[in-house]
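In: Provided below for reference: sequence and predicted model.
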Amino acid sequence: MHESYDGRMRPSILVVVVVAAACGNDESSTPSDNGGSSSGTTTSDAAVLADAGSDAPTDASTDANADAGPPDPCATALFCEHFDGYSSVSAITNNQKLGPWHAALQTGATMNLDGAHTTSGAKALHVHIDKSATAGGRLFADGMQPIFAGMPGHVYGRLKMYIDPNGTSIHWTFFGVNGPADPSSPANGRNASYILSSLPKSNANTYSFVYGLSAQGNDGFHDCSSQSKTAMPTASWACIAWDLDSIARKLRMYKDADATAILSVDDHGTGCVAPTSATSPWYGPIVNQLFVGAWSFHAMDDPLDVWIDDLVVDTKPVSCP
């Protein structure tokens with residue numbers, strides 16, 4: 001695994017038990033070479049018709065509304081990215097800036113906007129990591145973005161992800177949030193991250209959470225994890241949604257339109273790298289940075305190609321369509 005926050009590389013042991021703005025081998029909130037869901041509730045058709053009375057819609061208009069599908073969350077979301085607003089961008093280089101993003105890229109990986117696999121529009125974010133490489137590519141957003149204006153300690157979101165080929169490593173990541181730990185917690189003054197990740201099981205990638213907390217005094221860096229039983233599919237799109245509550249220390253991950261979480265964390269996960277106790281609380285961040293992409297802090301067993309599209313982050317629930 002594992003995110004450190006001072007940019008230094010440290011050896012680690014795995015304990016497996018881990019847009020536009022408006023619309024190290026250590027895993028750090030900013031990698032060493034970088035300068036830098038709950039489903040919403042719906043009203044039943046019966047209740048809608050009862051409330052409508054004589055003005056209830058005809059079958060034809062009801063069918064039309066159903067065919068239209070759910071509303072686009074980008075209409076109101078605080079942060080939304082389809083990766084289609086960069087017509088002149090294909091290959092992304094280290095430290096490149098585009099829209100709200102600044103890029104981090106290491107040797108052994110490439111990062112592009114391409115149309116090989118998309119769920120909307122003409123482009124998606126594509127990260128490739130070579131076999132045997134310890135590398136990756138991430139896009140970071142921070143600064144004066146609407147999602148950070150209220151200093152949120154509770155965020156929701158979703159993204160769509162396509163993986164092929166589906167190489168494994170001890171731990172690679174695809175989305176995360178970072179910032180100073182909840183100031184009401186004992187971790188005040190430290191930096192914290194909640195990270196959506198992959199941990200291996202039976203030679204397959206599984207959806208997982210990883211938690212990082214910067215060292216302070218005699219208390220070293222916290223590198224903790226919780227692993228789901230759900231394997232990441234190959235050569236098909238999956239939608240992953242999340243609910244990250246730093247104050248209550250509750251994390252939830254959902255897949256596709258299923259309202260049942262595939263992974264839950266309450267207070268703490270299932271394991272930590274020694275000497276941190278497995279029951280150490282996950283004091284989460286007051287979010288001032290988010291990042292997306294594929295990044296492995298251990299050598300890949302085989303090549304990995306990840307496409308990410310339709311990213312939404314908000315302070316209200318966001319679900320998969």
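Out: Alright, I've got the coordinates.

In: excluding its backbone neighbours, what's nearest the most centrally placed residue in the chain?
Out: Nearest residue to the geometric centre of the chain (Cα atoms, centre = their mean): F175, 2.5 Å. Closest residue to F175 in three dimensions, ignoring its sequence neighbours and counting by Cβ to Cβ, 6 or more residues apart in numbering: L196, at 4.4 Å. For every residue, glycine as well, the C-beta is placed using N, CA and C.

In: That neighbour against W242, yeah?
Out: Yes - contact between L196 and W242 holds when scored by Cβ atoms under 8 Å: they sit 6.4 Å apart.

In: so what sits against both of the two?
Out: 175, 253 (Cβ atoms under 8 Å, 6 or more residues apart in numbering).

In: Now do the helices in the stretch 1-150 of the chain.
Out: Under the criterion DSSP state H, counting those that start in this stretch, helices of the stretch 1-150 of the chain are mapped to 45-52, 59-68.

In: Least confident of the ones you listed, on average?
Out: In terms of average pLDDT, helix 45-52 trails the rest of those, at a mean of 31.

In: Can you say which helix or strand has the residue nearest to C272 when sequence neighbours are not counted in it?
Out: Once flanking residues are discounted, C272 sits nearest to C224: 4.0 Å by Cβ to Cβ, 6+ apart. Here C224, judged by DSSP states H and E, is contained in strand 222-231.

In: So for that strand, what gets flagged as buried?
Out: Residues of strand 222-231 classed as buried: 222-228, 230-231 (neighbour count, 16 or more other Cβ atoms under 10 Å).

In: And the next helix or strand past it?
Out: Using DSSP H and E, the helix or strand that follows strand 222-231 in sequence is strand 237-245.

In: Give me the sheet partners of that following strand and which way each runs.
Out: Strand pairing for strand 237-245, using DSSP bridges, gives strand 154-166 (antiparallel), strand 250-255 (antiparallel).

In: partners of the very next helix or strand once past the longest one, with directions?
Out: By that I understand strand 154-166. Scanning forward in sequence from strand 154-166 by DSSP H and E, the next helix or strand is strand 172-180. As defined by DSSP bridges, the strand partners of strand 172-180 come to strand 191-201 (antiparallel), strand 289-296 (antiparallel).

In: Just the mean pLDDT for the very next helix or strand once past the longest one, thanks.
Out: Past strand 191-201, further along toward the C-terminus, the next helix or strand under DSSP H and E is strand 204-213. Mean per-residue pLDDT for strand 204-213: 96.

In: in which helix or strand would I find the residue nearest to I163 when sequence neighbours are not counted?
Out: Spatial nearest neighbour of I163, excluding adjacent residues (Cβ to Cβ, 6+ apart): V306 at 5.4 Å. Here V306 sits within strand 304-314, counting by DSSP H and E.

In: Give me the distance from that strand to the chain's centre.
Out: 8 Å (Cα atoms, centre = their mean, to the nearest Å).

In: How about stretch 216-235?
Out: For stretch 216-235, the distance to the chain centre is 13 Å (Cα atoms, centre = their mean).

In: same thing with stretch 276-285?
Out: That offset, for stretch 276-285, works out to 19 Å (Cα atoms, centre = their mean).

In: Can you measure across it, start residue to end residue?
Out: In stretch 276-285, first residue to last residue: 19 Å (Cα to Cα, to the nearest Å).

In: Tell me the buried residues in it?
Out: Of the residues in stretch 276-285, 276, 278, 280-285 count as buried by neighbour count, 16+ other Cβ under 10 Å.

In: Would you check which pair of those residues lies furthest apart?
Out: A278 and P285 (20.7 Å; Cβ to Cβ).

In: Show me the shaky parts of the stretch 101-250 of the chain.
Out: Filtered on pLDDT under 70, the stretch 101-250 of the chain yields no residues whatsoever.

In: re the thing from before, now the residue nearest to the centre of the chain, which residues is it bridged with?
Out: Beta-bridge partners of F175, as defined by DSSP bridges: L196, V292.

In: my guess is it meets A294, correct?
Out: No - if you go by Cβ under 8 Å, F175 and A294 don't touch, sitting 9.9 Å apart.

In: before we move on, back to that, going by distance to M144, which of the buried residues of stretch 276-285 wins?
Out: So of the buried residues of stretch 276-285, ranked by how close each gets to M144 (Cβ to Cβ), first place is P285, at 18.0 Å.

In: residues contacting the closest one?
Out: So P285 contacts 153, 177-182, 191-194, 246 (Cβ under 8 Å, 6+ apart).
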